[in-house]
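In: Predicted model and sequence below, questions to follow.
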Amino acid sequence: MGKKIIVAGLGHGGIAAAALLAKNGYDVTVFEKKEEGTLGYDWTDIFAPAALRIAQIPMPPRNKYEFKENMTFFSPNAKRGLEQQVPHDELEIKMERKDIYELFINHAVSCGVKIEYGCEVLSPIVEGKRVVGINTSHGEKYADLVIDACGMNSPVRRNLPKELGIENEIARRERITIFRAFFNKATDEEVEAKFRVMLLEDDRLGVSWVASEEEHTDLLIGRFEEFDLDEVNSFADYLRTKCPRLGREIVRGGQFVEIPVRHPLSIMVADGYAAIGDSAFMTVPLIGSGIANSLKAAKMLSDTVINDKDGTYSAASLWNYQVKYYRALGAGLAPLECVKFLLLTLEPEELDYCFNSGMLNEDNITMTANFTALTDLFRFDIPDLLNKGVQVIKKPKLLKKILGCGASIAKVTAACAAMPPVWNEKAVRVWADMYTKAFK
Ligand SMILES: Cc1cc2nc3c(=O)[nH]c(=O)nc-3n(C[C@H](O)[C@H](O)[C@H](O)COP(=O)(O)OP(=O)(O)OC[C@H]3O[C@@H](n4cnc5c(N)ncnc54)[C@H](O)[C@@H]3O)c2cc1C
């Protein structure tokens with residue numbers, strides 16, 4: 001039997017990495033706190049199907065997915081909607097979350113992965129500076145490598161000793177609280193914008209969507225502050241004045257959850273430890289999509305582990321995984337966090353102006369299945385750039401905010417480019433500090 005690997009939590013990237021490693025002869029066990037058959041949420045998710053191929057997971061049967069509808073974005077006064085223009089061959093797919101889990105788990109088990117359900121991971125076991133295992137509700141578990149796939153609030157990452165230099169906590173505005181539910185349809189009337197995304201609607205600090213589907217109406221409310229069911233009800237009432245299709249009865253879902261919307265962890269690895277998925281904050285900072293990134297990261301991590309022929313799984317050898325992730329995805333996506341901060345500082349009227357003056361266009365909101373960087377949202381189109389310049393110059397306060405955002409993007413981009421290509425503890429710590437400060 002090959003080296004022993006623990007995957008803490010059955011996160012999407014963790015189970016995909018587990019499958020790739022088990023297929024290559026490693027002895028891999030996943031410890032998941034939930035019971036078998038209870039994973040996932042009662043709603044659908046959207047992700048790029050190419051990520052399945054990269055992680056060597058088979059495509060689901062055709063009746064298990066649909067292609068995603070284009071979203072139409074609205075600013076607070078909702079005068080002008082901007083509809084995404086995704087070419088057909090770059091469409092993401094939409095699947096039930098439970099089916100996604102079933103697909104990943106069946107594949108992993110067929111590759112030889114063992115899963116221990118109903119086992120809560122409590123903390124890492126650390127000897128010196130090396131992670132050697134995990135404490136769980138089923139006792140201590142030891143391994144040559146611990147892959148942390150416990151999600152945003154991972155008890156493994158949060159309890160790592162400070163000396164490892166890995167951020168334990170996530171700040172309030174680096175995560176978004178979501179309420180999501182499928183409501184009944186109040187009417188059968190045709191809807192113009194089927195997938196309606198609303199920014200800073202009714203002055204609320206966040207984003208929400210109402211998607212009119214065949215059998216129900218999908219409501220998602222995201223806020224950068226805590227909120228409760230009273231707020232959900234009052235906001236849903238407000239939305240019903242604009243989207244009469246949104247019924248009153250919750251037919252599926254109806255939970256509060258959280259998603260990290262920030263730059264990836266500055267240091268994702270330590271001796272015997274690697275974080276993946278939400279525990280390493282691998283979502284797209286502006287929209288919180290993390291499934292495809294986690295799958296791509298799974299391939300990078302498993303390749304790195306397999307290439308470590310001596311089986312050291314040291315920070316020095318695992319650093320290559322982090323470098324690969326940043327080069328392919330992290331460095332391109334991290335600057336989106338600056339756009340998120342810009343959005344949070346805009347007055348609703350300023351956002352209206354960006355939409356209504358034509359400063360923002362369909363390209364700027366079109367995220368395709370191939371989307372990997374902020375720059376994918378901009379074409380080098382001189383008339384369009386000139387128009388953006390002319391419009392923004394008329395609003396000095398807005399211009400100042402946009403210039404500030406541009407400066408932050410430049411700082412973050414430069415910080416990502418300066419990441420040490422080879423592990424050197426001192427150099428990595430200095431870099432991580434500089435990178436983290438670039439977002440402040
Ligand atoms: C409402 C909502 C909608 C979303 N929509 C999309 C979308 O459309 N597309 C997309 O790409 N992404 C979407 N995401 C984000 C996506 O779910 C995550 O980015 C992605 O799943 C990667 O997270 P993860 O699998 O690493 O972590 P998680 O999904 O958090 O999984 C962590 C796993 O670890 C387990 N676990 C946690 N703690 C412990 C513990 N102590 N002991 C043992 N096990 C533990 C959990 O039970 C869970 O199984 C959405 C998220 C939410 C909340």
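Out: Sure, I can see it.
In: Regarding Met300, which helix or strand does it belong to?
Out: helix 291-307 (DSSP states H and E).
In: what's the spacing between the helix ranked longest in the chain and its chain's center?
Out: Using DSSP state H to define each element, the chain has its longest helix at helix 396-417. Its chain's average C-alpha position is 22 Å from that of helix 396-417, according to CA atoms, centre = their mean, to the nearest Å.
In: For it, name the packing helices and strands.
Out: The contact analysis (3 or more CB pairs under 8 Å, 6 or more residues apart in numbering; DSSP states H and E) places helix 396-417 against helix 331-333, helix 336-345, helix 348-356, helix 382-393, helix 425-437. The C-beta positions use only the backbone N, C-alpha and C, and glycine is treated the same way.
In: which residues sit against the helix or strand of the chain with the lowest mean pLDDT?
Out: The helix or strand of the chain with the lowest confidence, counting by mean pLDDT, DSSP states H and E, is helix 382-393 at a mean of 86. Under the contact criterion CB atoms under 8 Å, 6 or more residues apart in numbering, helix 382-393 has outside partners 353, 357-359, 361, 363, 398-399, 402.
In: quick one: buried residues of it?
Out: Using 16 or more other CB atoms under 10 Å as the test for burial, helix 382-393 gives 384, 388, 391-392.
In: Show me how far the helix holding Met300 is from its chain's centre.
Out: Using CA atoms, centre = their mean, the offset of helix 291-307 from its chain centre is 15 Å.
In: The ligand: which of the contacts of helix 382-393 is nearest?
Out: Asp363 (21.4 Å; CB to the nearest ligand atom).
In: Contact partners for the closest one?
Out: Contacts of Asp363 (CB under 8 Å, 6+ apart): 85, 377-379, 384.
In: Tell me, how many residues neighbour the residue in the stretch 51-200 of the chain positioned nearest to the ligand?
Out: Relative to the ligand, the nearest point of the stretch 51-200 of the chain is Gly151 (2.5 Å; CB to the nearest ligand atom). Neighbours of Gly151 under the rule other CB atoms under 10 Å: 21.
In: ditto for Leu122
Out: The local packing of Leu122 (other CB under 10 Å) involves 16 other residues.
In: cool, Asp89 as well?
Out: With other CB under 10 Å as criterion, Asp89 counts 8.
In: now it, what's its secondary structure?
Out: Per DSSP: H, G, I helix; E, B strand; the rest coil, the local secondary structure of Asp89 is helix.
In: and it, what pLDDT?
Out: Model confidence at Asp89, expressed as pLDDT, equals 90.
In: mind checking how far Gly37 is from the ligand?
Out: Look at Gly37 and the ligand: by CB to the nearest ligand atom, to the nearest Å, they are 12 Å apart.
In: Tell me if I am right that that residue is in a strand.
Out: No - Gly37 is assigned coil when assessed by three-state DSSP, not a strand.
In: If we ignore the residues flanking it in sequence, what's nearest the one residue sitting closest to the centre of the chain?
Out: Centroid-nearest residue in the chain, with CA atoms, centre = their mean: Thr283, separated by 1.9 Å. Of all residues not flanking Thr283 in the chain, Gly290 sits nearest, at 3.7 Å (CB to CB, 6 or more residues apart in numbering).
In: mind listing what that neighbour touches?
Out: Counting by CB under 8 Å, 6+ apart, the residues that Gly290 touches are 12, 259-260, 277-278, 282-284.
In: go with 10 Å
Out: 11-13, 45, 47, 151-152, 259-261, 277-278, 280-284, 297 (CB atoms under 10 Å, 6 or more residues apart in numbering).
In: near the ligand, which residues of the protein show up?
Out: 9-13, 31-34, 39, 45-47, 120-121, 149-151, 155, 178, 180, 257, 259, 277-279, 283, 288-292, 294 (CB under 6 Å from any ligand atom).
In: If we use 5 Å, what do you get?
Out: Selection of the chain residues close to the ligand by CB under 5 Å from any ligand atom yields 9-12, 32-34, 45-47, 120-121, 150-151, 155, 178, 180, 257, 259, 277-278, 283, 289-291, 294.
In: in the sheet, who's paired with the residue lying closest to His88 once chain neighbours are set aside?
Out: Residue nearest to His88 in three dimensions, not counting chain neighbours: Phe67, with 7.9 Å by CB to CB, 6+ apart. With DSSP bridges applied, Phe67 shows beta-bridge pairing to Ile93.
In: how long is stretch 271-283 from one end to the other?
Out: Counting by CA to CA, to the nearest Å, you get 24 Å between the two ends of stretch 271-283.
In: buried sites along it?
Out: 271-283.
In: Look at Cys178 and tell me its secondary structure.
Out: You called it Cys, but residue 178 is Ile. Going by three-state DSSP: Ile178 is strand.
In: ugh, wrong one, I meant Val146
Out: strand.
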